[in-house]
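J.: okay, here's the prediction I keep looking at, along with the sequence it came from:
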Amino acid sequence: MMASSSPGGLRALTREAVRARIADAALVLFDENGFDETTVDDIAAAVGISGRSFFRYFPSKEDAVIGDLVIAGAQLRDNVAERLPEETPWRALHLGMREGAEQADADPTRWLRVMRVINSAASLRARNLEKHLAWSALLVPVIAEHTEPDSRLGDLPARALVASAFACLDVALTSWTEANATVPFGDVLDAAFDTMCGAAAPASPHGS
């Protein structure tokens, strides 16, 4: 049973609201005390539940940080798919990720904390890589429908585009975090994608 931590208690909240509250409390503790140093019981106590109740909402500490990001993969796929075929595959990937960037710009304090916590623990970095692989598996078939397959290597073009898009996302997140969110994340993401577009453009004649 959950204990009441405020008027009405957690019982009055929906399951997703409770998950969000637990995740927020976990992020603060991880950021302040360290991911490995923070126990499930510490998180549970912060929100007024038992350690056993924590596992009704998250399978592990890592999921309290990464879990909602995994769910967002399906939304990213839909964001990209709805822009095809009106946009090129690269532009659709850019705009699809750009839509997700609005979350970071709406609450930069929370997302800076997410990035600090992820970067602080090897287990979280590994889970973040798993997240990218899962998102890629969703996106490659969508992009492959709108790219010319390689005669020998099949969906290599789609895989290359998706991998490059995630590289842009990672570089943008790193740069944005290092800049302490002084520049909107959407602008940083745009700069990363625009750089790739410039790198793919034909070189100008020397001196022109």
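T.: Arrived safely, thanks for sending. Residues are numbered from 1 along each chain as shown.
J.: helices of the protein, start to end?
T.: Assigned by DSSP state H, the helices in the chain fall at 15-33, 40-47, 51-57, 61-81, 89-106, 108-120, 122-144, 156-178, 185-200.
J.: among the ones you listed, which comes closest to residue 150?
T.: Distance to residue 150, taken as C-beta to C-beta, is lowest for helix 156-178 among the helices of the chain, at 4.5 Å. Heads up, the C-betas are built off the backbone N, CA and C, glycines and all.
J.: dump the helices of the chain into CSV; add mean pLDDT as well.
T.: Shown next, in CSV, are the helices of the chain (pLDDT from 0 to 100):
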stretch, mean pLDDT
helix 15-33, 94
helix 40-47, 96
helix 51-57, 94
helix 61-81, 86
helix 89-106, 93
helix 108-120, 94
helix 122-144, 93
helix 156-178, 96
helix 185-200, 89
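J.: got the domain boundaries for the protein?
T.: 8-58, 61-199 (the TED database).
J.: and the ones you listed as CSV, adding mean neighbour count?
T.: Converted to CSV, the domains of the chain look like this (neighbours: other C-beta atoms under 10 Å):
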stretch, mean neighbour count
domain 8-58, 16
domain 61-199, 17
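J.: let's have the helices of the chain in JSON lines, adding distance to residue 150.
T.: Formatted as JSON lines, the helices of the chain follow (distance: least, C-beta to C-beta, whole Å):
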{"stretch": "helix 15-33", "distance to residue 150": "41"}
{"stretch": "helix 40-47", "distance to residue 150": "47"}
{"stretch": "helix 51-57", "distance to residue 150": "44"}
{"stretch": "helix 61-81", "distance to residue 150": "21"}
{"stretch": "helix 89-106", "distance to residue 150": "14"}
{"stretch": "helix 108-120", "distance to residue 150": "34"}
{"stretch": "helix 122-144", "distance to residue 150": "11"}
{"stretch": "helix 156-178", "distance to residue 150": "5"}
{"stretch": "helix 185-200", "distance to residue 150": "17"}
